[in-house]
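Student: could you work out the structure for the sequence below:
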Amino acid sequence: MSNSLRFVFGVSLFCALCVCGCITQPPPPPPLPAQTEQPQDAKSGTTYGTITTKVVKGKTTQTELLEYFGGPNISTTDADGTETWVYESKSSSSTTQNQGAASARVDAMSLFFGIGGLSQGTGQGQYQNSGTTTTSSKNLTFIVKFNPDKTVKDYSVRQSSF
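Tutor: The predicted structure is shown next:
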């Protein structure tokens, strides 16, 4: 082998080794941000705390209830003439937290010599996504009975969460 051929081979081998030392795994994909669905079918302001602080027996009127909570889901009048309104509010939320995990393998020698590894499809990058989803639901039922003067006679609130 001539000296110039050895020199070229030596420089090529040196460069290949230098570049191989610089090859690293690709960084993992960034985790996706948490995604949250907003509550659905909930009337604005219809919460247990809002109801118990704003509704006063003998004082709060039907007009005020309409301002606070909107129209009722059900409105009835029983046999003795007592008007009853029923508000039902349902909300649910779902939170998804994704986490990205990455692993990669690079066959550096195949980059320069065309043997094995990537040139034959055995080198591969693998990305896996995993995550958790949490779902919660809340149901609120608010029943109001009125006096003949359209003020609140009595009310009850029931809330369940799961």
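
Student: for stretch 90-98, C-alpha coordinates in PDB please.
Tutor: The C-alpha trace of stretch 90-98 is given here as PDB (Å, rounded to 0.1, in the frame of the first residue of the first chain):
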ATOM      1  CA  LYS A  90     -74.100  18.600  35.700                       C
ATOM      2  CA  SER A  91     -70.400  19.100  35.000                       C
ATOM      3  CA  SER A  92     -67.600  16.900  34.100                       C
ATOM      4  CA  SER A  93     -63.900  17.500  33.600                       C
ATOM      5  CA  SER A  94     -61.200  15.400  32.100                       C
ATOM      6  CA  THR A  95     -57.500  16.000  32.500                       C
ATOM      7  CA  THR A  96     -54.900  14.200  30.400                       C
ATOM      8  CA  GLN A  97     -51.200  14.300  31.200                       C
ATOM      9  CA  ASN A  98     -49.000  12.900  28.500                       C
END
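
Student: Val144 and Thr50, how far apart?
Tutor: Counting by CB to CB, to the nearest Å, the gap from Val144 to Thr50 is 14 Å. The way it works is simple: take the backbone N, C-alpha and C, and place the C-beta from them, glycine included.

Student: if you could redo that for Phe142, that was the one I meant.
Tutor: 10 Å.

Student: so which residues of this structure form strands?
Tutor: 35-36, 74-77, 83-105, 124-146, 152-161 (DSSP state E).

Student: spatially nearest residue to Phe142, not counting backbone neighbours?
Tutor: Tyr87 (4.1 Å; CB to CB, 6 or more residues apart in numbering).

Student: can I get the CA coordinates of stretch 65-83 in PDB?
Tutor: Only the C-alpha atoms of stretch 65-83 are listed here, as PDB (Å, rounded to 0.1, in the frame of the first residue of the first chain):
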ATOM      1  CA  LEU A  65     -83.200  33.600  41.100                       C
ATOM      2  CA  LEU A  66     -83.500  34.200  37.400                       C
ATOM      3  CA  GLU A  67     -80.700  36.700  37.500                       C
ATOM      4  CA  TYR A  68     -78.400  34.500  39.600                       C
ATOM      5  CA  PHE A  69     -79.000  31.100  38.000                       C
ATOM      6  CA  GLY A  70     -81.100  31.600  34.900                       C
ATOM      7  CA  GLY A  71     -84.300  29.700  34.200                       C
ATOM      8  CA  PRO A  72     -85.100  26.400  36.000                       C
ATOM      9  CA  ASN A  73     -84.900  23.100  34.300                       C
ATOM     10  CA  ILE A  74     -88.400  22.100  35.700                       C
ATOM     11  CA  SER A  75     -91.200  24.400  36.900                       C
ATOM     12  CA  THR A  76     -94.300  22.900  38.500                       C
ATOM     13  CA  THR A  77     -97.200  23.800  40.700                       C
ATOM     14  CA  ASP A  78     -98.500  21.200  43.200                       C
ATOM     15  CA  ALA A  79    -102.100  20.500  44.300                       C
ATOM     16  CA  ASP A  80    -102.100  23.200  47.000                       C
ATOM     17  CA  GLY A  81    -100.800  25.900  44.500                       C
ATOM     18  CA  THR A  82     -97.200  25.900  45.700                       C
ATOM     19  CA  GLU A  83     -94.900  26.700  42.800                       C
END
